[in-house]
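Novice: What would the 3D arrangement of this be:
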Amino acid sequence: MLVKTFGSAVFGVNALTITIEVSIGGGNRYHIVGLPDNAIKESLRRVESAIQSAGLKMPRQKIVINLAPADIRKEGSAYDLPIAIAILAASGQIESREIDQFFIMGELSLDGGLQPIKGALPISIQARSAGFKGFILPKDNSREAAIVSELQVFGMSNLSEVISFFNGSQEFDPVKVNTRDEFFSNVNSYAHDFSDVKGQENIKRALEIAAAGGHNLILIGPPGAGKTMLAKRLPTILPPLNLQEALETTKIHSVAGKLSASDALMTERPYRSPHHTISDMALVGGGANPQPGEISLAHNGVLFLDELPEFKRSVLEVMRQPLEDREVTISRSRLSVIYPASFMLIASMNPCPCGFYNHPDKECTCGPGVVQKYLSKISGPLLDRIDLHVEVTPVNFNELTSSVESEKSEKIRSRVIKAREIQDIRFSGHPDLHYNAQMSPNMVRNICIISDAGQVLIKRAMEKLGLSARAYDRILKVSRTIADLEGSSEISLEHLAEAIHYRSLDRNSWAG
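Specialist: So this is what the prediction gives:
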């Protein structure tokens, strides 16, 4: 007897329908075809043990399992459950009338328990778009899958429950998640706040500009100056995720298997802070079975690279293209996948190996040329792609012990949101543009118009600092953001001067 069940394979952040065909006939061998990987080839041992644990029998006949389309490689253990259900239906041990109306995915334990899978959300979206009635999957993944409307999602704990569902011997209620309630109930919940930071008003101003325009930023300062503390609070002043951004972000984390059983929809902007020993592949994504990297996990959020010069140069250089294109393409001989990577890069670094170059109180012990050598670990092309270079100085004792309450993140965020609203109107005719940092060079020329006096100012700055054409564009974008924060339709000399001030590492004299 031939029975078909349906599952899915995830490529990038999208899913494809996979048909699991099982035929039982004369003979006594098991065969799995259709480009399965080793995890799928081993599945029959898990399936046999799980079926026996459920009180049923594994057929002692020839079983042929085909995963179609046969020219696409299938990976992972999530096909255990659809294979088991198809074998039981083909051997007449369970009812098979409604099996073809459901997507079925899940990894089986030897005792029949269901283990969580990766990519439940994109698979759920594919099930709905393909016209299936429902989706049966492990209970730990049910909440993330249930945010897809117009699809019945059933979270199961073990194989016995799935068998009871299809036999009709037990009633199960579909998992319900109110997407909008889930989204709006947690959209403003953050553990950190800018009011925790004493002093550093100039740094807070730079972070506000970066948040308002989506600009990349680097903080340069001695140890203990508060660089990491400030960076951790940046997501609290970014505009809240909208529903579309939340779905995009949740899909990526679902594919990477980063969502817990209690998560349904990501409502906070992601903040990723990988260690400087990270590899190229772990940062941008890839592997034999391509997975999203840290830059994609930071999509719609913040990627914080602490101690930037300590990262391998090759790791930093692979970020250059994603910083421009806001996506990364992973190409292999058999497939090519695209992961979104629209993130804000926030980096921090010491000014020199000892950490005290330009320190107001402590003396730098680095020898001649050491500071410049340390800074040269970061390439010029990468620095060009960072809009704001900000020097962080230590907080003095009076500021640290002051009883004056610092400005809360909520107040700063309100100004950032107003500036973003201006940009939404500006880019209303460009669906892929949302903030100033995304402007193309041609748009910069048309939108960031400056006066003759402004042209003279920026010309002198470029000649004195030796700025590149890309840095020129960055200055104009940042000045446009500063004007937006003030609600000004024109870029004034003050806006330009402040934007030029945020190019510390471009100064020829900075490192002596």
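Novice: Geometrically speaking, which residue is the centre of this protein?
Specialist: Centroid check for the chain by CA atoms, centre = their mean gives L297 as the closest residue, at 2.2 Å.
Novice: residue boundaries of the helices in the stretch 101-250 of the chain?
Specialist: Using DSSP state H, counting those that start in this stretch, the helices found in the stretch 101-250 of the chain span residues 120-129, 142-145, 159-167, 179-186, 201-213, 227-232, 243-255.
Novice: Worst mean pLDDT among the ones you listed?
Specialist: For the helices of the stretch 101-250 of the chain, the bottom mean pLDDT is recorded on helix 179-186, which sits at a mean of 68.
Novice: on that earlier part again, do you know which of the helices of the stretch 101-250 of the chain lies nearest E307?
Specialist: Among the helices of the stretch 101-250 of the chain, the nearest to E307 by CB to CB is helix 227-232 (9.6 Å). C-betas here are computed from N, CA, C, even on glycine.
Novice: now for the closest one, which elements pack on it?
Specialist: Counting contacts by 3 or more CB pairs under 8 Å, 6 or more residues apart in numbering; DSSP states H and E, helix 227-232 packs against helix 201-213, strand 217-220, strand 302-305, strand 344-349.
Novice: Sheet partners, orientation included, of the last one?
Specialist: When pairing is defined by DSSP bridges, strand 344-349 lines up against strand 217-220 (parallel), strand 302-305 (parallel).
Novice: With F172 as the reference, name the closest of those strands.
Specialist: Closest approach to F172 among the strands paired with strand 344-349 is made by strand 302-305 (40.2 Å; CB to CB).
Novice: what comes up buried for the helix or strand just after the closest one?
Specialist: With elements assigned by DSSP states H and E, the helix or strand that comes after strand 302-305 is helix 313-317. The neighbour-count check on helix 313-317 (16 or more other CB atoms under 10 Å) flags 315-316 as buried.
Novice: From the chain's centre, how far out is helix 313-317? Work that out for me.
Specialist: Offset of helix 313-317 from its chain centre (CA atoms, centre = their mean, to the nearest Å): 19 Å.
Novice: what does stretch 31-48 give?
Specialist: Taking mean C-alpha positions (CA atoms, centre = their mean), stretch 31-48 and its chain are 31 Å apart.
Novice: picking that back up, which one of the strands paired with strand 344-349 lies nearest to C352?
Specialist: Nearest of the strands paired with strand 344-349 to C352, taken as CB to CB: strand 217-220 at 9.9 Å.
Novice: ok, which stretches of the stretch 51-200 of the chain are strands?
Specialist: Assigned by DSSP state E, counting those that start in this stretch, the stretch 51-200 of the chain shows strands spanning 62-68, 102-104, 107-108, 114-115, 134-138, 152-156.
Novice: who's in contact with the closest residue to P351 other than its chain neighbours?
Specialist: Among residues not flanking P351 along the chain, Y357 sits closest, at 4.1 Å (CB to CB, 6 or more residues apart in numbering). For Y357, the contacting residues are 351, 364, 366, 371, 511, by CB atoms under 8 Å, 6 or more residues apart in numbering.
Novice: And the contacts of stretch 162-173?
Specialist: By CB under 8 Å, 6+ apart, the residues outside stretch 162-173 that reach it are 54, 56, 81, 85, 88-89, 94-96, 98-99, 104, 136, 154, 156, 161.
Novice: Quick check: which ranges of the stretch 401-512 of the chain have low pLDDT?
Specialist: Low-confidence segments of the stretch 401-512 of the chain (pLDDT under 70): 506-512.
Novice: now with 80?
Specialist: Applying pLDDT under 80 to the stretch 401-512 of the chain flags residues 401-404, 465-470, 504-512.
Novice: try the stretch 51-200 of the chain
Specialist: In the prediction, the stretch 51-200 of the chain carries residues with pLDDT under 80 at positions 178-191.
Novice: Can you give me the buried ones in stretch 31-48?
Specialist: Under the neighbour-count criterion of 16+ other CB under 10 Å, stretch 31-48 has 32, 34, 36, 39-40, 43-44, 46-48 buried.
Novice: what does stretch 433-446 give?
Specialist: Residues of stretch 433-446 classed as buried by neighbour count (16+ other CB under 10 Å): 433-439, 443-444.
Novice: from the residues you listed, which two are the most distant?
Specialist: Distance extremes for these: the farthest pair is H434 and V444 at 15.7 Å, using CB to CB.
Novice: Turn the strands paired with strand 344-349 into TSV, including distance to S492.
Specialist: Converted to TSV, those look like this (distance: least, CB to CB, whole Å):
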stretch	distance to S492
strand 217-220	22
strand 302-305	29
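Novice: out of those, nearest to F11?
Specialist: Smallest distance to F11 across these (CB to CB): 23.7 Å, for strand 302-305.
Novice: average pLDDT across that closest one?
Specialist: On average, strand 302-305 scores 96.
Novice: Ok, stretch 315-335 next?
Specialist: This predicted structure assigns stretch 315-335 an average pLDDT of 87.
Novice: Next: stretch 385-395.
Specialist: Rounded to a whole number, the mean pLDDT of stretch 385-395 is 89.
Novice: mind checking how far that stretch is from the chain centre?
Specialist: Put simply, stretch 385-395 sits 25 Å off its chain's centre (CA atoms, centre = their mean).
Novice: just stretch 127-134 next, same as before
Specialist: Counting by CA atoms, centre = their mean, stretch 127-134 is centred 26 Å from the centre of its parent chain.
Novice: Make a markdown table out of the strands of the stretch 51-200 of the chain and add mean neighbour count and distance to T17.
Specialist: A markdown table is the format used below for the strands of the stretch 51-200 of the chain (neighbours: other CB atoms under 10 Å; distance: least, CB to CB, whole Å):
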| stretch | mean neighbour count | distance to T17 |
| --- | --- | --- |
| strand 62-68 | 19 | 9 |
| strand 102-104 | 27 | 8 |
| strand 107-108 | 24 | 19 |
| strand 114-115 | 21 | 21 |
| strand 134-138 | 27 | 12 |
| strand 152-156 | 22 | 17 |
